[in-house]
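**Student:** Give me coordinates for this.
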Amino acid sequence: MSQLHNGYALLYQRETELAETHYRKALASNRNDSMARYNFGAFLFNQGRFEDAHKQIKVVSEDLSYERRPQAFYILGLCQYRLNQQQQALDSFERATQLIPRFAVPYLDAAEIYFAQQSYPRAKRALDQHAYLAQATARSLWLAVRLEEQFGNKDAASSRGLQLKNLFPYSKENLEY
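**Tutor:** Below you'll find the predicted structure:
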């Protein structure tokens with residue numbers, strides 16, 4: 001029954017009240033259904049309900065048998081970041097990458113937090129790890145520009161800026177650049 005309600009909830013994502021009703025029914029019929037709880041947490045996150053999402057995803061992240069546990073830690077970190085819990089967010093991003101070392105996006109989010117904390121060497125290491133694992137994005141290039149400027153590397157900052165301009169000319173990051 002839990003899987004059925006989870007399926008309905010996924011089907012009705014745009015009908016927020018209906019989707020939430022089905023997620024709650026899924027969890028009422030099986031409190032241990034981590035897939036339904038994960039989907040519900042992601043749904044709540046997308047609704048901007050970060051505290052509610054955090055509660056759901058925290059439970060999922062503790063399920064040692066759940067196959068999408070690294071992704072749960074990543075979403076948990078996003079929730080924590082939005083709740084101004086930067087150190088907990090960094091811990092969750094690190095946990096996600098410990099479980100799947102080639103999971104690139106948590107490195108970028110960690111780099112952003114480190115940059116905001118003015119911990120530039122850590123931000124650079126995290127950004128370099130992201131660059132090693134994934135294609136450049138407007139967000140990663142914009143962060144690279146700002147980091148290189150902090151280190152006084154004008155040529156590297158200009159080079160990253162040119163990449164940003166050429167690859168993502170209409171991005172908000174390029175407009176900020």
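
**Student:** from here on, contacts and neighbour counts on C-alpha atoms
**Tutor:** Fine.

**Student:** Can you give the distance of stretch 86-101 from its chain's centre?
**Tutor:** On the basis of CA atoms, centre = their mean, to the nearest Å, stretch 86-101 sits 10 Å off its chain's mean C-alpha point.

**Student:** Next, the buried residues of it.
**Tutor:** When burial is assessed from 16 or more other CA atoms under 10 Å, stretch 86-101 yields the following buried residues: 86, 88-97.

**Student:** do stretch 131-146 as well
**Tutor:** Along stretch 131-146, the positions that meet the burial threshold by neighbour count (16+ other CA under 10 Å) are 131, 136-146.

**Student:** in this structure, what secondary structure element scores lowest on mean pLDDT?
**Tutor:** Counting by mean pLDDT, DSSP states H and E, the chain has its least confident helix or strand at helix 2-11, which shows a mean of 57.

**Student:** helices and strands around the helix or strand following that helix, which ones?
**Tutor:** For helix 2-11, the following helix or strand on the C-terminal side (DSSP states H and E) is helix 16-29. Taking 3 or more CA pairs under 8 Å, 6 or more residues apart in numbering; DSSP states H and E as the contact definition, the neighbouring helices and strands of helix 16-29 are helix 2-11, helix 34-46.

**Student:** What angle do helix 16-29 and the last one make with each other?
**Tutor:** Angular relation of helix 34-46 and helix 16-29 on a 0 to 180 degree scale: 150 degrees, by axes from the mean of the first three to the mean of the last three CA atoms, to 10 degrees.
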